[in-house]
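>>> build the 3D model from these lines:
(2 chains)
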Amino acid sequence: MATTTFDTRSDSSAAGEERLSRPGWGVLLLGWVCVLFGLVLFGGGVYLIVLGGSWYYAIAGAGLIVTGILLNHGKVAALWIYLLIWAGTLVWSWWEVGADWWAQVPRMVAPTVILLLLLLCLPNIRRVQRRPL
Amino acid sequence: MTQLSSPNLSALALCAALAAAPGFAQETPVSPEQAPASPDAPVIAPDDTDDTEASNAAPPVAIAQTGADWPAWGGDEKAQRYSPLEQITPENVGSLERAWVFHTGDLPSGTASGKYSPENTPVKVGDDLLMCTAMNILISIDAKTGEENWRYNPEVPNEAIPYGATCRGVSVWTDPEKAEGDACATRVIEATLDARLIAVDTQTGEPCADFGDNGNVDLWEGIGDKVPGWYAVTAPPAIVRGVVITGAQVKDGQAEDAPSGVVRGYDARSGELAWAWDLAAPDEMRNGPPEGETYTRGTPNMWTTATGDEELGMVYLPLGNSSVDYYGSNRSEAENAYATSLVALDATTGEERWTFQTVRNDVWDYDLGSQASLLDYQGQKAILLASKQGDVYILNRETGEPITPVGEITDPPQGDIEPDFIADSQPVSEFFNIRKPDLTEKDMWGFTPIDQLFCRIRFRQARYDGYLTPPSTDWYIQYPGYNGGNDWGSVAIDPERGLMIMNYNDVPNYNRLVPRETADAQGWKPINETGNEGSGGAEGAGDPQVGAPYGIQVNAGWQSELTGMPCTRPPYGGITAVDLETGEQLWDTPIGTARRNGPFGIPSMLPLKIGTPNNGGSAITKSGLIFIGAATDNLFRAIDMTTGETLWSDVMDQGGQANPIIYEVDGEQYVLIGPGGHHFMHTPVGDAVIAYKLP
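You can find the predicted model right below:
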């Protein structure tokens, strides 16, 4: 895959900003955290399904893995995939426990923290050079 | 138990954690006479209706009532924890402040470290507060100033500590044949961890020379080999018609061949055995066992507090389960007939009057922990009993017949360990019970989806057929657990508003029967064998149950193996007001905030109400206030009885796992609590006794 550009000069639309060949370390860290947690949730979630329990964790885990991979490649799509997971989590969580706020803690707090971190990463990701996976 | 520390993934846990723990306990007392202190405290005219022949005991005496005094552990004989005082009201309670703080000086040392749960509640008689400490030091202090009058240290050794160093309270008896000023005319009586009954003069703290051996009676008599910590008393005795009545805590889960659960009455003046009630051999053992024998071993005991009834000459005993709690096929018919029952005895003869069983063939450790309360109900002399399963029964106390409806659960799960032993049906109160719906996977909790997922997996892995799921060699869920419902703190009753105030726990246990060979391999040994360090910890956590084919492993409060926090969602405890007429709840609210708990054990300081495990009861006033500590947040609070709203609270340095009292000196009303903390609740242990009054 491409390219050997060291120094991509900004074009007119991104005046003064450098293009990055890969995401910043913060984004990479978040990406790996997502992959790691995603694997745990997916593995445990599949086991829970086998035991007759909720499908949420396996699905959310898979989504988190994809999010993490996309992040590591500096893809803005990571955000869209994750927004989908987050919205799904919100719907599922409300369906399970409604307005029981203490019961919402394990369901919504950590996913929302990840969402905020993702949003913080957005400016960095947008500067990553587009390239094929 | 439950201590939350957080796994903390994605950080910023704004999550508060809770901590909590269940505890348990024992006993209650009843008491004595003493002139009624409050103007509206009527003196009940004693009648001698059932004085049978050989009553060597005193006739009924005028009964002291709450008012200026708090003459007995449960308030007064009725054990309603109700004060007719009205100076502190919902309107002015906000300005309540500390009047004084007294320190008993009894703090854990050496091997007692990590075993303190004093649970002490003083009585107030005349000018004095009389109390015992965790290690049974008797202390009298001035009720107005908190200055010490005297103390008597019975020198109880640390090795006598059973599950916890606890002395819930003392009882007071005035000798009708002595003149005021005579030695021991009024005496304070306690029972100790090393199983002695001790009587000292309330005026001087000197042991009563006429009581036993210089104020001491040895309760090991007739029990068998003396194994410190196996047989211990933590509850105040009941005193009825001059008879001091006590049971004892027999450390759970050790062996089928355990000390007897015998309940005994002693002459309050001489300390001589008046009678013994051995449920497996009541007639043979009435005057003690034959030479060289012991009371029937392994029988259900009464670790909690009995209620005395001076007028009827009866005593009401909330019994626990047999020593081996989680396996029943080896139990005798007598054990099965009496375990987990409220039993009424003639207080002067020890003869049985009636029994009321709350669990048949109990394999869940659903001991009756709550002291029963006396009340007038629908024109009958009644007694109210709350259970660990959260059922509330009201019975006619002359006959034991239920006044409120009792139903039957006719299809409880039978399990595969001992299906022939598991009862086919179980009683349930159709008047009121606090039990919540069965757990589902959705009830699993955590800080993050990961630890919540772990608990969901544990839920799905466990055997769980709802309420009364019997023991299994697979992990199984017991809900409510043995800390569920109402425990030794008992309930409060407002006879004028017709309300019952009950705080309760709502916590499951995660248990497993452990086959004998495995238990042996783990090194689980009973307390009477050396090298039993491998067992113990929380009640039921690695108990050998010698004699049964299984030991028991209890994860009390079902804490996540991953994080140490509870696997189920809050609230873990609440408080409710129930209309005694209808059995309907006026309000029901979680008790306890998240302030003391948080990720990594760091206090979150979040003042959010979450509902923590709680231990210890309430005291209530005619003016409509409920005073209660109990929760693991170390707050002592005043709650509006009509709304459930918290109107005032004070932050204490220790856990308020003790019952408060209410009294008056020189026209000023005081509220008092001795926050001793509780090892199992993970609340700080202390020796303070704190009195509050209006400025």
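>>> quick check: closest non-adjacent residue to residue B:166.
residue B:234 (4.1 Å; CB to CB, 6 or more residues apart in numbering or on different chains). Where you see a C-beta, it was placed from the backbone N, CA and C, and this is true even at glycine.
>>> distance check, that neighbour against chain A.
Noted for residue B:234: a distance of 34 Å to chain A, by CB to the nearest CB, to the nearest Å.
>>> per-residue pLDDT, the closest residue to residue B:485 other than its chain neighbours?
Of all residues not flanking residue B:485 in the chain, residue B:390 sits nearest, at 3.7 Å (CB to CB, 6+ apart). Looking at residue B:390, its pLDDT stands at 96.
>>> need the contact list for residue B:390.
B:433, B:434, B:435, B:480, B:484, B:485, B:486, B:504 (CB atoms under 8 Å, 6 or more residues apart in numbering or on different chains).
>>> need the worst-confidence member of the residues you listed.
For the contacts of residue B:390, the pLDDT minimum is residue B:484, 84.
>>> that one: neighbour count?
28 (other CB atoms under 10 Å in any protein chain shown).
>>> double-check it against residue B:388; I have them as touching.
Yes. Applying CB atoms under 8 Å, one finds residue B:484 in contact with residue B:388, separated by 5.6 Å.
>>> and residue A:37, which of the three is it?
What DSSP: H, G, I helix; E, B strand; the rest coil gives for residue A:37 is helix.
>>> could you find the closest non-adjacent residue to it?
Nearest one to residue A:37, counting by CB to CB, 6+ apart, is residue A:64 at 5.9 Å.
>>> pretty sure the one you found sits in a helix.
Yes. Using three-state DSSP, the assignment for residue A:64 is a helix.
>>> tell me the pLDDT of it.
So, for residue A:64, pLDDT stands at 98.
>>> for it, what are its contacts?
Counting by CB under 8 Å, 6+ apart, residue A:64 has contacts A:34, A:35, A:37, A:38, A:41, A:42, A:82, A:85.
>>> for the last one, phi and psi?
Summarising the backbone geometry of residue A:85 under the convention degrees, to the nearest 10, its torsions are phi -60, psi -40.
>>> surely it and residue A:57 touch.
No. Under the criterion of CB under 8 Å, residue A:85 makes no contact with residue A:57, lying 11.6 Å away.
>>> near chain B, which residues of chain A show up?
A:33, A:37, A:40-41, A:44-45, A:47-48, A:51-54, A:57, A:60, A:96-97, A:100, A:102-103, A:105-107, A:109-111, A:113-114, A:117 (CB under 8 Å from any CB of the partner chain).
>>> state the distance from the residue nearest to residue B:485 to chain A.
Distance from residue B:390 to chain A, by CB to the nearest CB: 20 Å.
>>> got phi/psi on that residue?
Per degrees, to the nearest 10, the backbone of residue B:390 is at phi 90, psi 10.
>>> shouldn't the residue nearest to residue B:166 be within a strand?
No. With three-state DSSP as the criterion, residue B:234 is coil rather than part of a strand.
>>> hmm, residue B:194 is touching residue B:228, no?
Yes. The pair residue B:194 and residue B:228 qualifies as a contact (CB under 8 Å) at a distance of 6.7 Å.
>>> which residues do the two both contact?
By CB under 8 Å, 6+ apart, the residues touching both residue B:194 and residue B:228 are B:157, B:160.
>>> ok, the two, which is more surrounded?
Taking other CB under 10 Å, residue B:194 and residue B:228 do not tie; residue B:194 has more neighbours (23 against 18).
>>> any idea how far residue B:154 is from that one?
Using CB to CB, to the nearest Å, residue B:194 is found at 8 Å from residue B:154.
>>> residue B:420 too?
47 Å.
>>> looking at these two, which one has more neighbours?
Neighbour count, other CB under 10 Å: between residue B:420 and residue B:154, residue B:154 has more, with 19 against 6.
>>> over to that one. Which of the three states is it?
Per three-state DSSP, residue B:154 ends up coil.
>>> report pLDDT for the nearest residue to residue B:464 once chain neighbours are set aside.
Excluding the flanking residues, the one nearest residue B:464 by CB to CB, 6+ apart is residue B:477, at 4.1 Å. The pLDDT attached to residue B:477 in the predicted structure is 98.
>>> same deal with residue B:532?
53.
>>> help me confirm that residue B:656 is found in a helix?
No. Read with three-state DSSP, residue B:656 is coil and lies in no helix.
>>> how close does it sit to residue B:226?
Separation of residue B:656 from residue B:226 (CB to CB): 35 Å.
>>> circling back: quickly list what's touching both of residue B:194 and residue B:154.
residue B:136.
>>> circling back to that earlier point, make TSV out of the contacts of residue B:390 and add distance to residue B:495.
Shown next, in TSV, are those (distance: CB to CB, whole Å):
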residue	distance to residue B:495
B:433	22
B:434	21
B:435	26
B:480	28
B:484	27
B:485	23
B:486	19
B:504	21
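>>> mind giving me TSV with those and columns for secondary structure?
Below are the contacts of residue B:390 laid out as TSV (three-state DSSP):
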residue	secondary structure
B:433	strand
B:434	coil
B:435	coil
B:480	coil
B:484	coil
B:485	strand
B:486	coil
B:504	strand
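>>> name the member of those with the most neighbours.
Neighbour-wise, the contacts of residue B:390 (other CB under 10 Å) top out at residue B:484, 28 neighbours.
>>> next up, the contacts around that residue.
So residue B:484 contacts B:388, B:389, B:390, B:435, B:504, B:505, B:506, B:507, B:508 (CB under 8 Å, 6+ apart).
>>> run the last query once more with 7 Å
By CB atoms under 7 Å, 6 or more residues apart in numbering or on different chains, the contact list for residue B:484 reads B:388, B:389, B:390, B:505, B:506, B:507.
>>> circling back to that earlier point, relative to residue B:374, which of the contacts of residue A:64 is nearest.
Nearest to residue B:374, judged by CB to CB, of the contacts of residue A:64 is residue A:41 at 55.8 Å.
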